[in-house]
Structure formats: C-alpha cells, structure tokens
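Novice: Structure for this input, please:
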Amino acid sequence: QVQLVESGGGLVQAGGSLRLSCAASGRTFSSYAMGWFRQAPGKEREFVAAISRSGSTYSADSVKGRFTISRDNAKNTVYLQMNSLRPEDTAVYSCAATRPLSLTAYRTREYEYDFWGQGTQVTVSS
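Specialist: Have a look, this model is predicted:
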C-alpha cells in the first residue's frame, strides 16, 4: 500500500509555470512507476505524463515540450514541472502509482494504476 499526497497547485496566468509535487508514504517508493493525470470540468480524466522505476519518461502530446515529470526516490516524491501554461491546462491534477515488474516500464492508462492521490487544482487564467 502507498498513500499519495499532491501539492503545488494554484492560480497562474497563461505563460506561467507551476511545479506539482506528489509525496508517497512508505519505504518502497522506488519500486513504483508513477504517473500524472488531469481532469478538467465536464471532461474525462486524461493521461499527462509517466515515469518508470528507472526514470524513463513519457508525456502526452498535448504537454510535450512544456511539462516534465521527474522523481526523487530519496524524498519519495514525483514532480511535474509545468511551463508555458495555457488556459486549457486548467484541471485537477492527480498522481498515481503502480508496481510493474520491469524497471523501465511506464504506464499511460488509468486502469493500470493501483493507487491515487486526491488531486490538486491548477487554474490558468487568460
């Protein structure tokens, strides 16, 4: 079991930046692949970015070149650095964890994740 707590959301103007953090409980954080998802009002939750146990990353096309996912196993934390924010990035951002056997595997689908945080609101004004 792992508990996830997101932080770092807020209100920012278009073109600005935010860094989201997701702190995980427990001593086995390095054994989890992590992901970020977001859900805008009236829309389904969508994949944003993922990182494997070994640090391999993958991002959705909509955020490539603007968002960067990273992890610090010593701090049991995964980050999402968001630059050049746009109004369409407004959503509740949630982190998720799963335990794939492979060091290099990352996951991009909701059902592949076992544990979820409560989410943090990001609002981008125009």
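Novice: which residues in this protein form helices?
Specialist: For the chain, helices defined by DSSP state H do not occur.
Novice: Low-confidence stretches in it?
Specialist: The chain contains no residues with pLDDT under 70.
Novice: tell me the centre residue of it?
Specialist: With distances taken as Cα atoms, centre = their mean, Trp36 lies nearest the centre of the chain, 2.3 Å away.
Novice: wait, isn't that residue in contact with Val48?
Specialist: Yes - counting by Cβ atoms under 8 Å, Val48 is a contact partner of Trp36 at 4.3 Å. Yep, even glycine has a C-beta here, placed from its N, CA and C like the rest.
Novice: who's in contact with the residue nearest to the centre of the chain?
Specialist: Leu20, Cys22, Val48, Ala49, Ala50, Ile69, Val78, Leu80, Tyr93, Ser94, Cys95, Ala96 (Cβ atoms under 8 Å, 6 or more residues apart in numbering).
Novice: one more time with 6 Å
Specialist: Val48, Ala49, Leu80, Cys95 (Cβ atoms under 6 Å, 6 or more residues apart in numbering).
Novice: any idea how far Thr123 is from it?
Specialist: Between Trp36 and Thr123 the distance is 17 Å, computed by Cβ to Cβ, to the nearest Å.
Novice: before we move on, the earlier item: got TSV for the contacts of Trp36, with neighbour count and distance to Gly117 too?
Specialist: Output for the contacts of Trp36, formatted as TSV (neighbours: other Cβ atoms under 10 Å; distance: Cβ to Cβ, whole Å):
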residue	neighbour count	distance to Gly117
Val48	24	13
Ala49	26	14
Leu80	28	12
Cys95	30	5
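Novice: Between those, which sits nearest Gln3?
Specialist: Nearest to Gln3 out of those is Cys95 (Cβ to Cβ; 11.0 Å).
Novice: Could you find the closest non-adjacent residue to that closest one?
Specialist: Cys22 (3.5 Å; Cβ to Cβ, 6 or more residues apart in numbering).
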